[in-house]
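S.K.: model the following, please.
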Amino acid sequence: QVQLVASGGGLVQAGGSLRLSCVASLRSFSSYTMGWFRQAPGKEREFVAAITTSGGRTAYADSVKGRFTISRDNAKNTVYLQMSSLLPEDTAVYYCAASPVFYGSGWSPQRVRSWGQGTQVTVSS
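M.R.: Modelled structure (predicted):
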């Protein structure tokens, strides 16, 4: 079982930036696809971004393409989500996720092997 600890959330004005981090306590971190999901109040959890084991491929939800960038550092067991040009509709709890399979943008919450605890991102207008 992978333990994931996310951090970096906070309150930011529209148009601002934040970087989320997620540290995994797992020796075989580099063998897992990593990603981020988010859940806004009253809404279902949705896919945001994913990155393959080597970092060679990424996938994004259409709503964040061109604004968010996912990356990973396998030496630090960490995955990042750089968020720019933030919008009020980006407000949500952001969860990091792990899976042994890369599903691309079709990664559903049901296919997540392990979840982080979530970090709140609030974007004010």
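
S.K.: the residue nearest to the spatial centre of the chain: what secondary structure?
M.R.: Nearest to the geometric centre of the chain sits residue 36, at 2.1 Å (CA atoms, centre = their mean). When classified by DSSP: H, G, I helix; E, B strand; the rest coil, residue 36 comes out as strand.

S.K.: ok, it touching residue 82?
M.R.: No - Residue 36 lies out of contact with residue 82 (CB atoms under 8 Å); the separation is 10.8 Å. In this view, the C-beta of every residue, glycine as well, is placed from N, C-alpha and C.

S.K.: joint contacts of the two?
M.R.: When contacts are counted by CB atoms under 8 Å, 6 or more residues apart in numbering, residue 36 and residue 82 are jointly contacted by residue 70.

S.K.: name whatever forms a beta bridge with the residue nearest to the centre of the chain.
M.R.: residue 49, residue 96 (DSSP bridges).

S.K.: who touches stretch 5-22?
M.R.: Outside stretch 5-22, the residues within contact range by CB under 8 Å, 6+ apart are 4, 23, 25, 34, 36, 78-88, 93-96, 116-125.

S.K.: mind listing what the residue nearest to the centre of the chain touches?
M.R.: By CB under 8 Å, 6+ apart, the residues touching residue 36 are 20, 22, 48, 49, 50, 70, 79, 81, 94, 95, 96, 97.

S.K.: ok, of the contacts of stretch 5-22, which come out buried?
M.R.: 4, 23, 34, 36, 78-81, 83, 86, 93-96, 116, 118-119, 121, 123 (16 or more other CB atoms under 10 Å).
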